[in-house]
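**Student:** got a sequence here, can you build the structure:
(one chain, ligands or ions: 2)
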Amino acid sequence: MIKIVKGSGGYIVADLTDEEVRRASLAGELFIGALGRIDDARIISYHCNNCSRDFNNAPRVVRKSVNELVAEGHVLIEQGEYICKECNAIIAIYKVFGEGISRRYDEDISIRDIVGSRVLYKQESIGIVSDVLVNVKSCSIALLVDHNGNYTNIPWESVEGIGNGVVLLKGKLCARCKYESMPIAEFCMECGNRLS
Ligand SMILES: [Zn+2]
Ligand SMILES: [Zn+2]
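**Tutor:** Numbering: from 1, shown residues only. Ligands and ions are numbered 1, 2, ... in the order given. Modelled structure (predicted):
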């Protein structure tokens, strides 16, 4: 079936199998992250955010085999990038992991897989997860997110979906006017009320 599959810098339109659609699904949308490499023949078009336009062919794929042990029984087999043929911007990054023999379920991923993920709020990139922090006093967990060298802590409670090389955030609802602000906002973007 023909589907739009999102990356951090655009999206591709490709003919996917049911299994691939299942693998790419995250919080009701499809992401390239866990799909791996789709052959050019199955890619109908792509959109580059940097060029702000569609191209009626496949982006270039740069892949590297890594075979790196990222956690016990958990191997990163290959990673690669879909690159815009026009401007060389990255449309999406994908990672292919090997069987996790110590994972209990398909749904389990390691904290190590989250590090390096692209953090998205709606269509917008908030940055890259550079670490996952545990506060030893409150035992709360936060993502340390790197946005072009500026670091922001995002509480775990802001995470709406996770996996496939992306972390999706939900916004903060204002108690006063119900407006949904960016997850990193301290004050309501509509009425200026302090957000908890
Ligand atoms: Zn481009
Ligand atoms: Zn408000």
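**Student:** tell me how far I126 lies from R176.
**Tutor:** Applying CB to CB, to the nearest Å, the value for I126 to R176 is 24 Å. C-beta here means a position set from N, CA and C on the backbone, and glycine is covered the same way.
**Student:** with neighbour numbers in mind, choose between those two.
**Tutor:** More neighbours surround I126 than the other of I126 and R176, with 22 against 13 (other CB atoms under 10 Å).
**Student:** lowest-confidence helix or strand of this structure?
**Tutor:** strand 60-71 (a mean of 76; mean pLDDT, DSSP states H and E).
**Student:** run me through the strand neighbours of the very next helix or strand once past it, direction for each.
**Tutor:** Note on strand 60-71: by DSSP states H and E, the next helix or strand toward the C-terminus is strand 74-83. Strand 74-83 has these partner strands in its sheet, going by DSSP bridges: strand 60-71 (antiparallel), strand 90-97 (antiparallel).
**Student:** buried stuff in strand 74-83?
**Tutor:** By 16 or more other CB atoms under 10 Å, the buried positions in strand 74-83 come out as 74-76, 78-83.
**Student:** ditto for stretch 124-137
**Tutor:** Here stretch 124-137 shows 126-129 as buried, counting by 16+ other CB under 10 Å.
**Student:** out of those, which are inside strands?
**Tutor:** Counting by DSSP state E, the part of the buried residues of stretch 124-137 found in strands is 126-129.
**Student:** tell me the contacts of the residue most central in space within the chain?
**Tutor:** Closest to where the C-alpha atoms of the chain average out (CA atoms, centre = their mean) is V166, at 1.6 Å. With contact set as CB atoms under 8 Å, 6 or more residues apart in numbering, V166 has these partners: 8, 26, 31, 33, 117-120.
**Student:** please repeat the previous calculation with a cut-off of 10 Å.
**Tutor:** The neighbourhood of V166, defined by CB atoms under 10 Å, 6 or more residues apart in numbering, consists of 6-8, 26-27, 29, 31-34, 92-93, 114, 117-120, 125, 129.
**Student:** repeat that for I38.
**Tutor:** By CB under 10 Å, 6+ apart, the contact set of I38 is 5, 12, 14-16, 20, 24, 32, 58, 61, 82, 94.
**Student:** can you give me the distance of it to F55?
**Tutor:** Separation of I38 from F55 (CB to CB): 15 Å.
**Student:** measure E19 to V166 for me?
**Tutor:** In this structure, E19 and V166 are 19 Å apart, going by CB to CB.
**Student:** so which residues of this structure form helices?
**Tutor:** Along the chain, counting by DSSP state H, helices occupy 18-24, 111-114.
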